[in-house]
Each structure stands twice: as C-alpha cells, then as structure tokens.
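> Here's a sequence, model it:
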Amino acid sequence: MLVVTAIAILMMRHLFAVVMLSSVFSLLCALLFVTLDAVDVAFTEAAVGAGISTVLLLGTMALTARNEKMPRNFSPVPLLVVLVTGGVLIYGTLDMPDFGSATSPAQSHLATQYLTQSPHDIGIPNVVTAILASYRGYDTLGETVVVFTACVGVLILIGGLARRRRKDEGGAN
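Below is the predicted model:
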C-alpha cells in the first residue's frame, strides 16, 4: 500500500490530491510502525505526518496555485543525487544485524542495562516509562524543536507571500 500510494503521489499534478495522498501515506507509515511494535513512533508519525503536516500544506495551498506547473526541461542531476543518496543509505545498512537478532548490540548490551539500572538510576519501577520519560527526553525535545522550526518556517513563508500579494494588489490599483 505504501508503494502504491507513493507512485500515486508521483503521478498526481493536482496539489490537493497530493496533500491528501501524503496524509494517507503518513497514516500507512503509522500503521506499519504499530505492526513493528513502535507505538510511540507511530503516534508521532500520525500526529506530525498526517496531522500537522497536512494542515500546514493545506494552509500553504490556500495561498498558492492548485496545480503543479510542468517543468520546461528535464535535468538528470536531481535523479542522480537521489540515486547516489539511496545507494549510500543502502550500503550503510549492509553490516547491520538482522531485525530482532538476539546478538545485536541493542539486545546484548542496552536491554540488560536498561532493565537492571533504570529502577536505580531514575527511581521509576516501570522500565518503559523510565526510558520514554528520561532516557529519550532529549530525543523528544529534538522532535519538538524540529516541529516548532518547521511551523515557524511555514509561517514566515506564508507571511512573506501574503505581504507580496498585498504589495502586488496595491501596485495594480
């Protein structure tokens, strides 16, 4: 379903359909994360990817064109950059342990440390709560900063576009 949705997004030229399909893609990603037992990541994907991003994109669409403009000429440089980046990312994953492997560093070192040290380090008997509330606190702060920065950037872009439209309307009269 993710691949079909991604291909549909690539084929669309109507921007409203692209925004809606992007939201569907985010929800499908959230479902994938749920099946991988990463409920916290699924919740973040649903809230940010399908929720906030969709609202921001729809708000931006209200100030821009409804259809994508077709490019005048084809440049192979962006395709080359994407292919090289994808190749490097795939190459970087070749030496990773198998998913769920009992011999992976996360299972052999981190899991035992979290299970034994969390109650003493933090004083919270529930290990999951200790990890999410304390150990991953910086991660959550980083995610919050990214979302805030994206919102500020979109608001700056929308404000600049609104000022430009007012200036154009004032100059035309």
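
> Would you verify that Lys69 is located in a helix?
No - with DSSP: H, G, I helix; E, B strand; the rest coil as the criterion, Lys69 is located in coil rather than a helix.

> Now it: phi and psi?
Main-chain dihedrals, Lys69, degrees, to the nearest 10: phi -80, psi 130.

> Near it, how many residues? Count them for me, please.
7 (other CB atoms under 10 Å). Placement of C-beta: from N, CA and C, glycine included.

> tell me the contacts of the spatially most central residue of the chain?
For the chain, Gly49 is the residue whose C-alpha lies nearest the centre (CA atoms, centre = their mean; 5.7 Å). By CB atoms under 8 Å, 6 or more residues apart in numbering, Gly49 lies in contact with Ser23, Phe25, Ser26, Leu27, Cys29, Ala30.

> could you redo the last one with a cut-off of 10 Å?
Applying CB atoms under 10 Å, 6 or more residues apart in numbering to Gly49 gives the contacts Ser22, Ser23, Phe25, Ser26, Leu27, Leu28, Cys29, Ala30.

> Distance of it relative to Ile124?
30 Å (CB to CB, to the nearest Å).

> How many neighbouring residues does Cys29 have?
Neighbours of Cys29 (other CB under 10 Å): 18.

> what helix or strand is Leu28 on?
Element membership of Leu28, judged by DSSP states H and E, is helix 15-35.

> List the buried residues in that helix.
15, 18-30, 33 (16 or more other CB atoms under 10 Å).

> low-confidence ranges in this structure?
Within the chain, the stretches with pLDDT under 70 are 160-166, 168-173.

> ranges for the helices of it?
Along the chain, counting by DSSP state H, helices occupy 2-11, 15-35, 39-44, 53-61, 77-92, 105, 111-122, 127-130, 137-172.

> before we move on, back to that, export the helix holding Leu28 as CSV, just CAs?
C-alpha atoms of helix 15-35 as CSV (Å, rounded to 0.1, in the frame of the first residue of the first chain):
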residue,chain,number,x,y,z
LEU,A,15,-1.8,19.6,-5.4
PHE,A,16,-4.9,18.9,-3.2
ALA,A,17,-4.8,15.2,-4.2
VAL,A,18,-1.0,15.2,-3.5
VAL,A,19,-1.6,16.6,0.0
MET,A,20,-4.4,14.1,0.8
LEU,A,21,-2.3,11.2,-0.5
SER,A,22,0.6,12.3,1.5
SER,A,23,-1.6,12.2,4.6
VAL,A,24,-2.7,8.7,3.7
PHE,A,25,1.0,7.7,3.3
SER,A,26,1.7,9.0,6.8
LEU,A,27,-1.2,7.1,8.2
LEU,A,28,0.0,3.9,6.5
CYS,A,29,3.5,4.5,7.9
ALA,A,30,2.0,4.9,11.3
LEU,A,31,0.2,1.5,10.9
LEU,A,32,3.5,0.0,9.8
PHE,A,33,5.2,1.3,12.9
VAL,A,34,2.4,-0.2,15.0
THR,A,35,2.9,-3.6,13.5
